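Trainee: okay, sequence plus prediction incoming.
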Amino acid sequence: MATNINQVLIEMAIPLKRFIRKYIANEQDAEELAQDVLLKIFGGVSSLRDNSRIQPWIYRIARNTITDYYRKTNKPIEFVELPEEIEEKYYEDQNSNREIAGCLKAMIENLPDKYKEAILLAEFNHLTYKELGELLGISISGAKSRVQRGRKMLKEMLTTCCSFEFDGRGNIIDYRHNMSECKYC
């Protein structure tokens with residue numbers, strides 16, 4: 001078994017690194033994740049029951065490791081200096097946006113896991129449906145459906161909780177809470 005796993009890992013090392021690199025932009029992070037995947041493979045190889053399923057098992061470990069990476073990663077925000085004349089209006093808009101963002105964050109957290117994961121990866125990590133499907137082990141149409149259903153659930157939660165006023169382009173210009181005790185806001 002040890003020789004078999006070593007041979008498979010030698011054959012799969014480059015494709016595995018390419019797979020991880022497709023989803024992780026930072027080369028150092030991708031390399032660290034590849035090492036984490038290898039450690040998990042060596043640590044769990046004794047639990048593998050069917051040696052013929054070793055490649056799918058390795059990719060599942062890689063996919064789960066990538067998903068965990070995205071769950072843990074919080075990208076820093078760069079702040080830009082604003083001219084004083086627009087600063088007040090900016091902060092007024094930002095407060096409203098922060099309130100809505102806080103509601104959305106709570107709503108996303110309350111989605112069923114499979115929809116929450118799809119929304120986070122597609123919307124916040126900007127994965128394509130193809131990449132999302134590969135990462136989650138589902139078809140492209142399955143990935144698209146999962147994101148669309150998650151968006152629909154979020155829209156229902158948001159419109160139940162708040163009323164919105166939009167400009168001609170569909171941007172939110174004002175909102176108010178419909179319920180005094182929204183469980184998300």
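Mentor: Alright, I've got the coordinates.
Trainee: so what's the residue count around Arg169?
Mentor: 6 (other Cβ atoms under 10 Å). Every residue, glycine included, has its C-beta placed from N, CA and C.
Trainee: no, scratch that, I was asking about Glu32
Mentor: Glu32: 15 neighbours (other Cβ under 10 Å).
Trainee: with Val147 instead?
Mentor: So Val147, with other Cβ under 10 Å, has 19 neighbours.
Trainee: before we move on, what about Leu132?
Mentor: 22.
Trainee: from memory it sits against Val147, does it?
Mentor: Yes. Counting by Cβ atoms under 8 Å, Leu132 does reach Val147; the two are 7.2 Å apart.
Trainee: between those two, which contacts overlap?
Mentor: Counting by Cβ atoms under 8 Å, 6 or more residues apart in numbering, the contacts common to Leu132 and Val147 are Ala118, Ala122.
Trainee: element containing Ile173, please.
Mentor: Using DSSP states H and E, Ile173 sits within strand 172-177.
Trainee: which residues of the chain score low on pLDDT?
Mentor: 1-5, 46, 48-53, 74-97, 179-181 (pLDDT under 70).
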